[in-house]
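Got a sequence here, can you model it:
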Amino acid sequence: MSAPSAVHEARRVDLATVFQLAGLTSPAYLQWWLRPDVSLASAHSRVLGIGDAKATERPGDEATLRRLIGYVRAARWWHEEGWSIHMSLAVAPEDGRGWLGELRRAWARGGLLPGHEAAVAIAPDLAVVSLSTSRFAYSTNVGVRRNLEA
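Here you go, the predicted model:
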């Protein structure tokens, strides 16, 4: 596997910043073989955030879908323990619709039911697509978008 591109790393940093602005500031760990680009939590609000940056992968890639399904299956344990789950992908705006579809497929095959979804263009070269089990994560995402647009 090659090193992540500069675009990937920039999107990873942006996604981590969005999660931190939403109050997810503590590192969170899934099974050892699962390494999402961003995995942060808030013990206070009991929200787990899992995020991946996408620069060279495209919607429809089977290996990527399998990895996303793995993240969802790992998140189910947190959800069964009473945590809300928020999963986001940082992508190119023109790919947002396709990636939202991939997230929906991953959640369906991984066994979580989304309560809310969002697709937000944050910058000309960055969109964040998300599925959440709770309104908390969705509402926070909207607030972040408004703050970034101001």
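
Would you map the helices across the chain?
6-21, 62-80, 96-110, 135-149 (DSSP state H).

Let me know which of these is the nearest to Pro36.
helix 62-80 (5.6 Å; Cβ to Cβ). No exception for glycine: its C-beta is placed from N, CA and C like everyone else's.

Tell me which residues touch the residue nearest to the spatial centre of the chain, please.
For the chain, the residue nearest the mean C-alpha position is Ser88 (1.7 Å; Cα atoms, centre = their mean). With contacts defined as Cβ atoms under 8 Å, 6 or more residues apart in numbering, Ser88 is in contact with 15, 18-19, 38, 49-52, 128-130, 141.

Determine which two of those residues are furthest apart.
Of all pairs drawn from the contacts of Ser88, the widest gap by Cβ to Cβ lies between Asp52 and Asn141 and measures 15.7 Å.

related to what we said a few turns ago, beta-bridge partners for the residue nearest to the centre of the chain, please?
Beta-bridge pairing of Ser88, defined through DSSP bridges, involves Gly51, Ser130.

any idea how far it lies from Lys54?
11 Å (Cβ to Cβ, to the nearest Å).

cool, and His79?
Shown here: His79 relative to Lys54, a distance of 24 Å by Cβ to Cβ.

Who has more neighbours out of the two?
Lys54 (23 against 17; other Cβ atoms under 10 Å).

Now do the closest residue to the more buried one other than its chain neighbours: how many residues are near it, please.
In this structure, Lys54 finds its nearest non-sequential neighbour in Val91, 4.7 Å apart by Cβ to Cβ, 6 or more residues apart in numbering. The burial metric for Val91, expressed as a neighbour count using other Cβ under 10 Å, is 28.

any low-confidence regions in this protein?
Low-confidence segments of the chain, defined by pLDDT under 70: 1-2, 135-150.

How far off centre is stretch 91-102?
Relative to its parent chain, stretch 91-102 has a centroid offset of 12 Å by Cα atoms, centre = their mean, to the nearest Å.

From start to finish, how long is that stretch in a straight line?
For stretch 91-102, the first-to-last residue distance is 12 Å (Cα to Cα, to the nearest Å).

Perfect, I'm done here.
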